[in-house]
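A.B. asks: below is the sequence, then the predicted model.
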Amino acid sequence: MGHPRIFVLKISVLFGGLMRLGVGRGFDFGSGGLPGVGVGGGFGVDAEIPDVEVHAFFAHGFDEGVFAGGQIFGGSEFEPASADAGGGGFDEVLLLADLAGDGALHVAEDALAVLLAALLGFVLLAEIFMPSVIDVIAPGFRREPEKFELAVDLARITFPYLLFIALVALQGGVLNSVDRFAAAAATPILLNLFLIAALLLMRQFGWRDGRALAWAVSAAGFAQFLWLLFACGRAGLALRLPLPRLTQGVRRTLAVMAPGTIGAGVTQLNLLISTALASLLPSGSVSYLYYADRLNQLPLGVVGIAVGTAILPSLSRQVRLGHLSDAVATQNRGIELAVLLTLPAAIALGVLATPILSALFERGAFGSTDTAATAAALAAYAAGLPAFVLIKVLAPAFFARHDTATPVKVAVVAMAVNLCLTLVLMQFLAHVGIALATTVAGWLNALVLLALLIRRRHFEFDRRARRNLPRVGAAALGMGVILAALQAALAPMLAGHTMLQVGALAVLVCAGLAAFAVLALGLGIADWRDLMGRLRRQPA
């Protein structure tokens, strides 16, 4: 099993990631969906969504990158790293304080000062040149001057949030490094509580231009910063603010952070491209893609980040110690777990897209036309769900071998393909073509990473994976057939009032879970608890 403290670390990282991401994504979905109920898929929401996507790009880059995994600042209670540690895992990160000739807390303080200075300048420049920024992320808005001016105003109100989220990510990394997950896990809840309160006020007073949402975002960022400032103080890790200076520790921190941040932002970069091009389509297209992505992000965020974060420490240690067969086994179990959790989710989202959206959103300003348009986009996004989770599981195999450049290069190629496909498909399929292009680019990214690992002899499917992966596919397809038949049988309930729709949807969800479980057992697939247990027991 390896060193017991490493075993505990694996469990704590997986638990912390699931708690932070699961709770946070649940609230993300709740707050992200409420605009659909309140104002539908029209003018005000279209103007706000490009700003939300920009914030999501930076937030995911910082929060789901190196900082949030606790991989920048290592606590002294963890096993000391040797001089040859590396590869982006915990062992390499624990060297940061030694390389800086100072304590890890001082490195964090210096990083805080440098980030604050750099981001202040960035935010000020963005505020000044915001019309040009909107031209880039939503070029189609120029055709509607009122929408363009509103988008500029909203972006100027919300852009300071980027400053706060970077500082929050740094504070969260410090807390996570000493196994204090709860405070960082609560930060997304604060943001979404502010958004929900703003949406309720919008509905109460008839506000439809999104300015209440914009002010809520910036206020929430400040509240998150204060919350973690207090949490760091309670943990005895209060961060001072020295003068900005690029010490060796800060340079090393930024060097480790950059590839992880870029890699974590690949999905968001694709979504930014999608939003920019969707703004050229008829009004409402941006909103349809946004609502579909909110649903798709639930399994993507929880499964992808948690599994990827859990296997990286094991892979880094196994590769460094030369236990290559153990590293391959860890990678196989990660892929197996990712497919087991995401493939049935993808098929279920595709089959049940319309009843899900109808039950959750179709009321108020969100009508049946909005449901149909969003459901088509959701089905297209869901087809790429396993691919985007596999990217997060495959990338650690490169990071563990000191190779942070390859995943970024592959991601850049995938983004170029996404852009080209989007320009073609949107001509024929409108916003659905944009979602489909994102899915194809995601699969290209995942398959190229897999092919490179196999070509370099860093990975091969073991007997268990070759046995189980096709069976998982068969079980997921069987579940999809059962769901489609049951959906047809429940059509009268799904067309009824809200309570009937919710009841029918609950029946479909439970039936899908039961069907997949029975098929998995019948086909002899190991259940998820066995897979999780094996993942944790991988020898270090």
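C.D. replies: Perfect, I can see it now. Please read all numbers here as calculations on a predicted model, not as lab measurements.
A.B. asks: next one: stretch 470-479 to chain centre, how far?
C.D. replies: 25 Å (CA atoms, centre = their mean, to the nearest Å).
A.B. asks: so for that stretch, mean pLDDT?
C.D. replies: Regarding stretch 470-479, the rounded mean pLDDT is 95.
A.B. asks: show me what counts as buried in it.
C.D. replies: Applying a neighbour-count criterion of 16 or more other CB atoms under 10 Å, one finds 471-472, 475-476, 478-479 buried in stretch 470-479. All C-beta spots, glycine's among them, are computed from the backbone N, C-alpha and C.
A.B. asks: just give me the closest of the residues you listed to Arg245.
C.D. replies: Closest approach to Arg245 among these (CB to CB): Val472, at 51.6 Å.
A.B. asks: that closest one reaches Thr342, doesn't it?
C.D. replies: No. Checked against CB atoms under 8 Å, the pair Val472 and Thr342 is beyond contact range at 9.9 Å.
A.B. asks: what packs against the helix or strand in which Arg156 is found?
C.D. replies: Under the criterion of DSSP states H and E, Arg156 resides in helix 145-158. Judged by 3 or more CB pairs under 8 Å, 6 or more residues apart in numbering; DSSP states H and E, helix 145-158 is in contact with helix 43-63, helix 130-137, helix 211-234.
A.B. asks: list the buried ones in that helix?
C.D. replies: Buried residues in helix 145-158, counted by 16+ other CB under 10 Å: 147-148, 150-158.
A.B. asks: do the same with stretch 279-289
C.D. replies: Buried residues in stretch 279-289 (16+ other CB under 10 Å): 279-281, 284-289.
A.B. asks: what's the end-to-end length of that stretch?
C.D. replies: 11 Å (CA to CA, to the nearest Å).
A.B. asks: low-confidence stretches in the stretch 151-300 of the chain?
C.D. replies: For the stretch 151-300 of the chain, applying pLDDT under 70 flags the ranges 176-179, 181, 208-209, 253, 255-268, 270.
A.B. asks: er, the stretch 401-540 of the chain I mean
C.D. replies: Across the stretch 401-540 of the chain (using pLDDT under 70), the flagged ranges come out as 526-540.
A.B. asks: distance to Leu321 added to the buried residues of stretch 279-289, as CSV?
C.D. replies: Below are those laid out as CSV (distance: CB to CB, whole Å):
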residue, distance to Leu321
Ser279, 51
Leu280, 53
Leu281, 53
Gly284, 55
Ser285, 51
Val286, 49
Ser287, 51
Tyr288, 50
Leu289, 45
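A.B. asks: and which of the residues you listed is nearest Leu494?
C.D. replies: Within the buried residues of stretch 279-289, the smallest distance to Leu494 is 20.2 Å, found for Tyr288 (CB to CB).
A.B. asks: name the helix or strand for that closest one, please.
C.D. replies: With DSSP H and E as criterion, Tyr288 is part of helix 285-299.
A.B. asks: show me what contacts Arg245?
C.D. replies: By CB atoms under 8 Å, 6 or more residues apart in numbering, the contact list for Arg245 reads 110, 113-114.
A.B. asks: try 10 Å this time
C.D. replies: Contact partners of Arg245, counting by CB atoms under 10 Å, 6 or more residues apart in numbering, are 110, 113-114, 117.
A.B. asks: only whichever of those residues are buried, select them in ChimeraX.
C.D. replies: The buried subset of the contacts of Arg245, as determined by 16+ other CB under 10 Å, is captured in ChimeraX by this line:
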select :110,113,114
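A.B. asks: which residue packs closest to Ser368, ignoring adjacent ones?
C.D. replies: Glu362 (6.5 Å; CB to CB, 6 or more residues apart in numbering).
A.B. asks: so who does the nearest residue to Glu127 once chain neighbours are set aside touch?
C.D. replies: Of all residues not flanking Glu127 in the chain, Arg156 sits nearest, at 5.6 Å (CB to CB, 6+ apart). By CB under 10 Å, 6+ apart, the contact set of Arg156 is 51, 126-128, 130-131, 133-134, 214, 218.
A.B. asks: which of those residues are buried?
C.D. replies: Of the contacts of Arg156, these count as buried by 16+ other CB under 10 Å: 51, 126, 130, 133-134, 214, 218.
A.B. asks: now render the residues you listed as TSV, adding distance to Leu199.
C.D. replies: Formatted as TSV, those follow (distance: CB to CB, whole Å):
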residue	distance to Leu199
Asp51	15
Ala126	25
Met130	24
Val133	25
Ile134	23
Ala214	12
Ser218	16
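A.B. asks: ok, so of the residues you listed, who is nearest Arg333?
C.D. replies: Relative to Arg333, and with distances defined as CB to CB, the nearest of the buried ones among the contacts of Arg156 is Asp51, at 39.7 Å.
A.B. asks: state the pLDDT value of the closest one.
C.D. replies: On pLDDT, Asp51 comes in at 54.
A.B. asks: quick check: the farthest pair among the contacts of Arg156?
C.D. replies: Maximum pairwise distance among these (CB to CB): 19.3 Å, between Pro131 and Ser218.
A.B. asks: is it true that Ile134 touches Pro145?
C.D. replies: No. Counting by CB atoms under 10 Å, Ile134 does not reach Pro145; the two are 11.9 Å apart.
A.B. asks: coming back round to it: list the helices and strands the helix holding Tyr288 packs on?
C.D. replies: Using 3 or more CB pairs under 10 Å, 6 or more residues apart in numbering; DSSP states H and E, the elements in contact with helix 285-299 are helix 4-39, helix 43-63, helix 266-278, helix 324-351, helix 353-361, helix 368-382, helix 385-399, helix 431-455.
A.B. asks: same thing but 6 Å
C.D. replies: If you count contacts as 3 or more CB pairs under 6 Å, 6 or more residues apart in numbering; DSSP states H and E, helix 285-299 packs onto helix 4-39, helix 43-63, helix 266-278, helix 368-382, helix 431-455.
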